[in-house]
Structure formats: structure tokens, C-alpha cells
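K.L.:
build me a model:
(chains A and B)
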Amino acid sequence: MSKQFSGVWATYEYLDDFCGAIRELRESGFQRLTTLSPCPRHEIDHALGDPQSRVPFFTLAGMFVGFSLALTLMIFMSLDWILPVSGKPVVSYPIMGPVLFELSVLVAVWFTLISMVGLILRDLSKHPFPKGKVWKAYTRFTRDRFGVIVPCTQHDLEKVESILNKFQAEEVNREA
Amino acid sequence: MSNVTYASINDDILHSMKPPGKSWFASMAIILVMLGMGIFAFGYQIRHGMEGSGINNPIGWGVYITNFVFWVGIGHAGTLISAVLYLVRAPFRTSIYRASEAMTVFAVMTAALFPLIHIGRVWNFYWLIPYPNQRLLWVNFKSPLLWDVFAVNTYMSVSILFFLVGLVPDFAVVRDESKGLKKLFYGIASLGFKGTNHEWKHYMRAYLLFAAIATPLVFSVHSIVSWDFAMSSIPGWHTTIFPPYFVAGAIFSGCAMVLTLLLPLRAIFPGFKDIIKIKDMEAMAKMILFTGFIVTYAYSIEFFIAWYSGARYERALFWFRPFGELKFFFFLMIFCNCISPLPLWSKKLRTNVPALFIVSIFINIGMWMERFNIVVTSLAHDFDPYAWGTYTFEWVEMWITIGSFGWFFMWFFIFVKIMPSLAAAELKEALNPPMRSAHE
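P.N.:
Numbering: from 1, shown residues only, chains lettered A, B, ... in the order given. This next block holds a predicted model:
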């Protein structure tokens, strides 16, 4: 995120204009786009080529870790201090169900949360943001406006601006 | 939602977070008095021991365990609304889920107090946690009480995380609409969230997974709470119907509490009426009707099985409930849970705010009575007539119970003022997006 930014950012009032601009930018070879929106929209995902998240793999890993942790915990504790109850086996598998389930869920949730934060930070670090005053003062992306940031070389600035204006951008700002 | 726009959603949420007025402070004063008396009563119990409560021999579980089960149950509807209804994409969920989720978190926080209050020597609570202690003794994993420790703690952790993760984009909304210290505070709370595609991509996938993980928790936690009873051999407790019966009862009571909280909220903030629509409240009323019928069926089946099984002790207990000295609580439960929701069959009453509010209060009372009936009457009428007993409410447990409502409402009142009580991002997602094609 601390990288020097060179490129253009624009704001849009309408979603169809915005998605049209994203599509055309991608077709013109500008793939490293960052979009901003007040809420998640499938139309934007489709325009961006339906990117997929890897969070579910971490959730699955968390579930296995939690399950193994619970199993190890219960077997070790049952054998470390023998506590005979109602003639049941010392290591009794049927009674482990609730704790196995609960710890699997608990660890899976933490893995989900931590992986989500980690993956977001990783993606954001790869995509530079504008640094100018106008950018810093603009706060309508969480209110009612859509935005797109297009990193590009000096050579491509004009081309990007023309695409953004073609789809009736509300504001187009250049930073180089 | 014709008058509702992306911008108006932000405005309505910010309006609800304006500095509190006189009515808020007056309500908070009453709540703090309730809580203060509860804390005083708990202090008295620590000083004088459990004699301050109505717990006796043979009724070793009384009002505190009743309160525990009641509050865990209240929490269930929040998770049902936020997780289960998210997975099935129920449209009425969007406007009510944030407040319901907050209700869940605060209800579970309240429930978690009661095992500690009930054990008497509260300073030894950590003996329930499996840690390598000085006596080299481990906890008993064959006990459903320990399963409950894991279940309630997992449920509380997942509910809090689900709630906080859902709040992050809305904290960003408040940050961008604020200035000065408020901006700094909500900037920290929003973790720098900007609403980029990189954030939404992982966020939405994680949120879906949270919902998918929380869904079985809704059913597991109250099933495990019911095993606290069903795994024993006490008449009235030892029954396989308990898990579905408890889960349905929990959703029933939780939906009623959602109405108890949201109907006043809707009246206090005028902008909310466009968002929390009466048809959303009607959907909750239908859920109450449906789960109310499951609860009524469970009550009937309990009596039928007591007769049909031929088990004498079971029959004796189910004779004792409607005709013994605690029959008042039984009939109050039947009236509140089985009869009072019946008017909701009428659409006119389902869409009438005062009627819905009154029914929701009755159900709250009725579901507390249900737990009291299960916990106390079963222990009062055990196998051996020599060991039968009865229960008398004591002032300490009554004030601790009232204090628990104070504790719950204190958090909810604070929540309404410092956190967005509507989910801005999800409400916007449910709207038709602004399209140029629609304007031309």
C-alpha cells in the first residue's frame, strides 16, 4: 500500500456505467483494477471476472485442526487420570461427539477470521492506492458512489481517462 | 423500499446514533437500578451463601438454572436470523438481523453469568476448564455439564465474532460520515475497511462460511443444554424429545424477544419504519406461530408418553405438574405459550404493533415459566416420596433475575447508541442498485 501510485481514479453514480467501464478497461489490458462500492454487488464481480477467495481452504484446515485437538485432548486426559463412570470404557468415543464438534467449529471460525484478514492485507499490499488530497478527502464510497482505481504508466493515462469518461464518470482524477 | 436509497440508509443509521435524549437516560437509570440491585443481591449471596436462594434439598437447581436456559434460548433466534436465514436468503432478515445478533451476544453474555452465580463459590469457576491443575485432575468428558461448557463458550465466541465481523463495513460508514474523535474511534473499529473488491471478495466468502458454521451451532447448543437434563434419570427430564423441543422453544422465545426489542426501536426512530417494515414483523409472528405449535406438540407428547409408557414415576410427575402445589406456574406456561400466540392466526393482529408487542411479552413470561417447570417440578417430585420437596422464591434470586434483565438491556441500550443497529451494507445489497438505464 505504501508503493508510489501512478494512475487514474474515477467515481460513478450508476452501477451499469461503472460495470461497463470495468469491462472495457479489462478488455484494453488493464487487469490490476481496484474497485470501491458501498456494498458487495454481483454485477461488479462478473465485470471483474468472478475472482475467487481462498478463505474456505483455511476454514477446512481449521476444522481438521480443531477436531484433532479435541480428540487428542480427550484421549490424553482420559488416560492420564482414570475416571471410571457408570461402567463406560475409559476412552469412550460416543461421548466425544459434542466436544469434537464444538472445538472443530471454534477453531474453524478462528482460522476463517485470521485467513480473511491475512488475505485482504496481502491483496491490498499488491494494489497501490492514490495518495493525493482529493483522494483522502473523498468519503462517498461507503455512502452512495462507486469507484475504480486504475494503476497505469504515464503513457496510458490518456487512454484510461478516455475509457472512464466514455462511461460517464462523475469525477476523473489523475495522479502521476 | 421505494423511498429508501443508499444515502438515506446511511442517514437513518447516523440519526439513530445521535447523542441520547432524556428518555434514553431515564430508561438507563431504571436499568441501572435493576442491575445495581442484582449486584447487591449477588454480593449478599456471596457473603451469606446459597441460603439466600430458594435452592434446597431435593431442588438443587432452581431459578439460576432456569435463567441460564432462558437466556441461552433467547440468544438462539439471533443466530437463526443472522445465519440460517442468511443461507436461505430470506428477504425479511436484512432489516432485523443486526439488532437480533446484538440480542444474541448480550443474551449469551447474560446466560454465561448464571452457572457462575449458581455454583456459589464463584471464585472456583475455572475448575470447569480443562487445564493442568495442581491436583493433576482432569475434567470429566463423560458429563453433559462439561459438554455444555464447551458448547456455550463456542457459541458465545462464534456469536461475538459473527457480530463484530458484520459490523466492520458499517463502522466504515460511520467513520466516513463523522469528524474528529468520532472519526478516529470508528476508523480504528472499522480496521481501515474501504469497500474495495479485494476486501469484499474475502469478506463475503468468510461471512458465508461464518453463517454456514453458525447454523449447526443453533441446533447443537440448545440440544446440548437439553442433555444437561435428558442424560439424567430424573422423571420429567429423561426423555429423547428434549433436543428438538428445546431448540424449537429457544427459537420461539428468541423471536418473541426480537419483537419485544425491535417494535419499540422502530417506534423511537422514525426512519427505521421504512426499513424495518411491518411485513418483517409479520414474518417473525409467523415464526412464532410455527415454533409455538412445535412447543405445544412437545408439551402434549410429554403427557402422552408419561401415560403410554406405563412408567409410574413419570405418570406421577405429569400428574403433579398440573395438579400439584406448583400448578400455577404450569397453567401460566400453557396460557402464555400455547394460547396467547393463537390470535396471530389473524393477519389483522399479526400486523398490529401493540398486539404483537403484548403477545411477545406473554411468550417471554411463558418461556421462563417453561424452564422453571422443567427444572423445578421434576426435582420436586423425584422417585422417592420421602424426598419430595417444594420451592419458594427468595428475594436474592428474584433480584438477581431482575438484575440480569438490567444487565441485558444496559448492553442493548448502549449498543443502539454506539453501533449501527441496522446493517447498512446488507440493506444496500437488498436494494435495486442505481442504474442509468432505469433513469432514461
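
K.L.:
going by C-alpha atoms from here, please, whenever you check contacts or count neighbours.
P.N.:
Fine.

K.L.:
which residue is the nearest non-sequential neighbour of the residue in chain A that chain B sits nearest to?
P.N.:
Chain A approaches chain B most closely through A:L36 (4.3 Å), counting by C-alpha to the nearest C-alpha. Leaving aside its chain neighbours, A:L36 sits nearest to B:T196 (4.3 Å; criterion: C-alpha to C-alpha, 6 or more residues apart in numbering or on different chains).

K.L.:
now do the strands in chain A.
P.N.:
A:7-12, A:34-36, A:146-151, A:171-175 (DSSP state E).

K.L.:
and the stretch 301-440 of chain B, which of its residues are near chain A?
P.N.:
When proximity is defined as C-alpha under 8 Å from any C-alpha of the partner chain, the stretch 301-440 of chain B approaches chain A at B:A425, B:E426, B:K428, B:E429, B:P433, B:P434, B:M435, B:R436, B:S437.

K.L.:
could you look up the SS state of the fourth one?
P.N.:
By that I understand B:E429. helix (DSSP: H, G, I helix; E, B strand; the rest coil).

K.L.:
got the contact list for it?
P.N.:
Residues near B:E429 by C-alpha atoms under 8 Å, 6 or more residues apart in numbering or on different chains: A:C39, A:P40, A:R41.

K.L.:
in chain A, where's the longest helix?
P.N.:
helix A:97-126 (DSSP state H).

K.L.:
identify the residues contacting A:D16.
P.N.:
By C-alpha under 8 Å, 6+ apart, the neighbours of A:D16 are B:M435, B:R436, B:S437.

K.L.:
secondary structure, neighbour count and pLDDT added to those residues, as a markdown table?
P.N.:
Shown next, in a markdown table, are those (DSSP: H, G, I helix; E, B strand; the rest coil; neighbours: other C-alpha atoms under 10 Å in any protein chain shown; pLDDT from 0 to 100):
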| residue | secondary structure | neighbour count | pLDDT |
| --- | --- | --- | --- |
| B:M435 | coil | 14 | 90 |
| B:R436 | helix | 12 | 85 |
| B:S437 | helix | 10 | 79 |
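
K.L.:
restrict the contacts of B:E429 to those near chain B?
P.N.:
Answer for those near chain B (C-alpha under 8 Å from any C-alpha): A:C39, A:P40, A:R41.

K.L.:
pull the number of nearby residues for the second one.
P.N.:
Read that as A:P40. A:P40 has 21 neighbours, counted by other C-alpha atoms under 10 Å in any protein chain shown.

K.L.:
so how far is A:S125 from it?
P.N.:
Look at A:P40 and A:S125: by C-alpha to C-alpha, to the nearest Å, they are 21 Å apart.

K.L.:
over to B:K18?
P.N.:
36 Å.

K.L.:
can you check B:P115 too?
P.N.:
As judged by C-alpha to C-alpha, B:P115 and A:S125 stand 46 Å apart.

K.L.:
out of the two, which sits in the busier spot?
P.N.:
B:P115 (16 against 13).

K.L.:
contacts only, for residue 51.
P.N.:
Because you didn't say which chain, this covers chain A. A:D45, B:K201.

K.L.:
other chain: chain B
P.N.:
B:Q45.

K.L.:
report whether it is found in a helix, as I expect.
P.N.:
Yes. Per three-state DSSP, B:E51 lies within a helix segment.

K.L.:
check contacts around B:R89.
P.N.:
By C-alpha under 8 Å, 6+ apart, B:R89 has no neighbours at all.

K.L.:
if you set the cut-off to 10 Å instead, what comes out?
P.N.:
B:A83 (C-alpha atoms under 10 Å, 6 or more residues apart in numbering or on different chains).

K.L.:
what's the separation between it and B:A211?
P.N.:
From B:R89 to B:A211 the distance is 11 Å (C-alpha to C-alpha).

K.L.:
so where's the chain uncertain?
P.N.:
Since no chain was named, I'll use chain A. A:1-3 (pLDDT under 70).

K.L.:
I was thinking of chain B, sorry if that wasn't clear
P.N.:
Applying pLDDT under 70 to chain B picks out residues B:1-2, B:440.
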